[in-house]
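[1] Sequence and predicted structure below; questions after.
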Amino acid sequence: MFKLNNRNKSLVFYTLAFCLLLVTISSCSRDIHDHPDLVTGEQLFNYHCSGCHKNTGKGKFLKGIPPNRNTVLSSPQIIHKINENDGGKVKMPSFPKMSQAEAVAIVSHLKQM
């Protein structure tokens, strides 16, 4: 077995830390749509939306996350927010890779809540 000097130990440490950072960053996105087991609007809502809006759709008032249950937005407006979210002061992530069918299923679930 070989011994590492301090310089090489530092190099190994920083290389491993960098790789871990890359893996962490690449796994943060919820814009992943390879989930064939999620088919209902409720399942899709729970996967993509409930982390912020809760599974009840009531949001988190103290964190500034509005409720999406009983929203006055139309279905096309909600789909637009899901897919494109124009940015600005809005903190909601967009899901540009989400299929139209998934977005429609989520909106149907929201309208029935």
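    Arrived safely. Residues are numbered from 1 along each chain as shown.
[2] Give me the phi and psi for Lys60.
    Dihedral angles of Lys60 (phi, psi; degrees, to the nearest 10) stand at phi -130, psi 90.
[3] my bad, should have said Ile65
    Dihedral angles for Ile65 - degrees, to the nearest 10 - are phi -100, psi 110.
[4] List the residues that contact Leu38.
    44, 47 (CB atoms under 8 Å, 6 or more residues apart in numbering). C-beta: built from backbone N, CA, C; applies to glycine.
[5] Over to it. Which of the three states is it?
    What DSSP: H, G, I helix; E, B strand; the rest coil gives for Leu38 is coil.
[6] what number of residues lie near His53?
    20 (other CB atoms under 10 Å).
[7] That one reaches Gly59, doesn't it?
    Yes - using CB atoms under 8 Å, His53 makes contact with Gly59 at a distance of 5.2 Å.
[8] okay, and the common contacts of the two?
    Going by CB under 8 Å, 6+ apart, residues that sit against His53 and also against Gly59 are 65, 67-68.
[9] what stretches of this protein score poorly on pLDDT?
    Counting by pLDDT under 70, the chain contains low-confidence ranges at 1-2, 4, 8-33, 85-90.
[10] can you map out the helices along it?
    With DSSP state H as the criterion, the chain has helices at 6-26, 41-48, 50-53, 75-83, 100-112.
[11] and Leu73, how far is that from Pro67?
    11 Å (CB to CB, to the nearest Å).
[12] Was I right to think Tyr84 contacts Met98?
    Check again: residue 84 is Glu, not Tyr. No - when contacts are counted by CB under 8 Å, Glu84 is not listed as touching Met98 (10.4 Å).
[13] Give me the more crowded residue out of the two.
    Met98 (19 against 11).
[14] Could you pull up the residues touching the nearest residue to Leu73 once chain neighbours are set aside?
    In space, and not counting its chain neighbours, Leu73 is closest to Lys81: 7.3 Å by CB to CB, 6 or more residues apart in numbering. Each residue near Lys81 by CB under 8 Å, 6+ apart is listed here: 73, 92, 94.
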